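Trainee: Just the structure for this:
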Amino acid sequence: MTGAFTPPAYGDRSLADVVPSVARALGTPLDGHPVGLELPPAPSYVVFLVDGMGAELLARHAHAAPYLSSLLEGGSTGTAGVPSTTATSLTSLGTGLVPGAHGLVGFTARIPGTDRLLNHLGWDKAIDPVEWQPHPTAFGRLAEAGVHVTSVNKRDFDGSGLTVASQRGAAYVGADRVGERIAATVSASAHQPSLTYVYDSDLDWTGHKFGVASTQWLQQLAMVDAEAEQLREALPAATRLLVVADHGMVDSPRGARVDVDAVDGMRDGVWLLGGEARFRHLYCSGRAVDDVLATWREVLGDRATVLAREDAVARGWFGAVDARVLPRLGDVMVACHDDTAIVSTRDFAYEDTLVGLHGSLTSTEMLIPILVG
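Mentor: Predicted coordinates:
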C-alpha cells in the first residue's frame, strides 16, 4: 500500500540489538542494552552479514537459496535502522547504537558548519572517524570483556573510515575470496568465547547494477546460499552461525524517478542535497524550510513522505538523537514510497545509473532475516 512504512524496532529486534543479543548468548552481557532478541547460548558465534538480502527478497526467492530458506521457519525477522542503507546499518551492528547516537545517518550527510557532504562509504581524510563516531563500539566492549572478536572482510576495507567508526576494537582479517573468508572465520571462531563477524557485499552490488528481479541477482543469491552452507559445515557444531542482512532493495524503473534538476522549483531554497535516492536529506538556506516542504510535497504527492527534521525525529526514525548528530540530518527529509527514487543527474549522476536502490522505510527495504544455523 502506498505510504505504508515499517518502523525500526530499536531496543528489540533491530540491527543495533544483534551484537548485544549475541553477547548475552555468549555469557558476556553488555550493560545498558535491553535485549528483545533471544539467541541460544553458545561458546562462539559467527555473524554472517549479507549486504542487501532483505527478508522479503529471501522469502520471495526461496527456491534460489535452499539452505538459507531451510532456516526461515525457525528464524525470525528484524529491522534495519533509518535510513535503510549500508553505512548506517553496519555502524548500528558494530556499535550496538541507533543512528541518532552513532551519527552515520545516511550514504551522504552534511558535515556541520560546512557546505560539504561526507560520503560514509568513501569517507574523507579530513574527518577523523573516531571524532565523527566517538562512542565505544559493541565489538570493542566485548573484546575488553575478554571475548575474542574478529572482523573478516575485504582487504580494501581495513582501516577505512567506516571500518574504524563501526568496528574498532575487533581484530581485522583481510579476506577477498569466499574460501579465504571461510578459512579465516573457522580459525577465528575456534577461540572461546568468540564473536566473528564476516561480511559479503556481492549481492548488494549485483542488485544495484542489475536489479533484484534479474537473473544475475538470483544467481548471486544462490552463491551466497552456498557460501552460508559451506560455512556452517566447516564450523564446529557448538559454534552458532547467525545470518543477517543490513537492508533489502527495490528496483526503481525510469518512470518512477524524479530528477530534481529537471523539475522547476525543486532546487529552490535547497543549498545542499544529501542522503540517497530513496531517502533524501535536504539542507535548506535561510528560512526556506517551509517553502521547501510545501514545494516537495506538492511535486511528489503520494510518492513520498516529506517531513521537517523535528517531525522525523519525533517519529523515532533515528532513535534518540545526540545533539552533535542533529545538524547532520536534513532540515527536510524525503522518504520514498513504492519504487520512487529522487535523483540528481547533476550531483549524483552515478546513482541514477543504478537499478536497485534502498534507504527508505518500506517493508522490502527495512525487514531483515535473523537466521540461526
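
Trainee: Can you verify residue 198 is assigned to a strand?
Mentor: Yes. If the criterion is DSSP: H, G, I helix; E, B strand; the rest coil, then residue 198 is within a strand.

Trainee: What strand or helix carries the nearest residue to it once chain neighbours are set aside?
Mentor: Leaving aside its sequence neighbours, residue 198 sits nearest to residue 152 (Cβ to Cβ, 6 or more residues apart in numbering; 4.3 Å). From N, CA and C alone the C-beta is placed, and that goes for glycine too. Secondary structure assignment for residue 152, by DSSP states H and E: strand 148-153.

Trainee: after that strand comes which helix or strand?
Mentor: helix 161-167.

Trainee: Can you dump the C-alpha atoms of that following helix in PDB for me?
Mentor: Presented in PDB, the C-alpha positions along helix 161-167 are these (Å, rounded to 0.1, in the frame of the first residue of the first chain):
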ATOM      1  CA  GLY A 161      36.800   5.500   7.900                       C
ATOM      2  CA  LEU A 162      33.600   3.300   8.100                       C
ATOM      3  CA  THR A 163      35.500   0.400   9.500                       C
ATOM      4  CA  VAL A 164      37.100   2.500  12.200                       C
ATOM      5  CA  ALA A 165      33.800   4.200  13.100                       C
ATOM      6  CA  SER A 166      31.800   0.900  13.200                       C
ATOM      7  CA  GLN A 167      34.200  -1.900  14.100                       C
END
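
Trainee: Does anything pack onto the strand holding residue 152? Which helices or strands?
Mentor: Packing partners of strand 148-153 (3 or more Cβ pairs under 8 Å, 6 or more residues apart in numbering; DSSP states H and E): helix 138-144, helix 161-167, strand 171-174, helix 178-189, strand 194-200.

Trainee: That one: how far from the chain's middle?
Mentor: 18 Å (Cα atoms, centre = their mean, to the nearest Å).

Trainee: Could you pull up phi and psi at the residue nearest in space to the middle of the chain?
Mentor: When Cα atoms, centre = their mean is applied to the chain, the residue found nearest the centroid is residue 89 (2.7 Å). The phi/psi pair for residue 89 (degrees, to the nearest 10) reads phi -70, psi -50.

Trainee: tally of neighbours for residue 188?
Mentor: Look at residue 188: counted by other Cβ atoms under 10 Å, it has 23 neighbours.

Trainee: ok but residue 19 is inside a helix, no?
Mentor: Yes. Checked against three-state DSSP, residue 19 lies within a helix.

Trainee: mind listing what the closest residue to it other than its chain neighbours touches?
Mentor: Leaving aside its sequence neighbours, residue 19 sits nearest to residue 138 (Cβ to Cβ, 6+ apart; 4.2 Å). The contact partners of residue 138, taken as Cβ atoms under 8 Å, 6 or more residues apart in numbering, are 19, 20, 23, 30, 33, 94, 95, 96, 97.

Trainee: roughly how far apart are residue 138 and residue 212?
Mentor: 30 Å (Cβ to Cβ, to the nearest Å).

Trainee: Can you give the domain ranges for this structure?
Mentor: Using automatic domain parsing, the domain parsing of the chain gives 15-251+362-372, 254-357.

Trainee: what pLDDT, on average, does the shortest one get?
Mentor: The one in question is domain 254-357. Mean per-residue pLDDT for domain 254-357: 97.

Trainee: Poorly predicted segments of this protein, please.
Mentor: Scanning the chain with the threshold set as pLDDT under 70 gives 1-3.

Trainee: just to revisit the earlier point, quick one: which of the contacts of residue 138 is nearest residue 312?
Mentor: Comparing the contacts of residue 138 against residue 312 with Cβ to Cβ picks out residue 97 as the nearest, at 18.1 Å.

Trainee: Correct me if wrong: that closest one contacts residue 135.
Mentor: Yes. Counting by Cβ atoms under 8 Å, residue 97 does reach residue 135; the two are 6.0 Å apart.

Trainee: who has more neighbours, the two?
Mentor: Remark: of residue 97 and residue 135, residue 97 carries more neighbours, 26 against 17, as counted by other Cβ under 10 Å.

Trainee: separation between that one and residue 49?
Mentor: Residue 97 is 16 Å from residue 49, by Cβ to Cβ.

Trainee: what helix or strand does residue 118 sit in?
Mentor: strand 117-119.

Trainee: partner strands of that strand, parallel or antiparallel?
Mentor: strand 108-110 (antiparallel) (DSSP bridges).

Trainee: Just the residues contacting the partner strand, thanks.
Mentor: Under Cβ under 8 Å, 6+ apart, the answer for strand 108-110 is 116-120, 272, 274-276, 281, 283, 327-330.

Trainee: Which one of those is nearest to residue 351?
Mentor: residue 276 (6.9 Å).

Trainee: about what we covered before: just send the helices and strands packed on strand 148-153 back as TSV, with distance to residue 108 too.
Mentor: Formatted as TSV, the helices and strands packed on strand 148-153 follow (distance: least, Cβ to Cβ, whole Å):
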stretch	distance to residue 108
helix 138-144	25
helix 161-167	13
strand 171-174	25
helix 178-189	29
strand 194-200	21
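
Trainee: so which of these comes closest to residue 297?
Mentor: Per Cβ to Cβ, nearest to residue 297 of these: helix 161-167, 33.2 Å.

Trainee: which parts of that closest one are buried?
Mentor: By neighbour count with 16 or more other Cβ atoms under 10 Å, helix 161-167 contains the buried residues 161, 162, 163, 164, 165, 166, 167.
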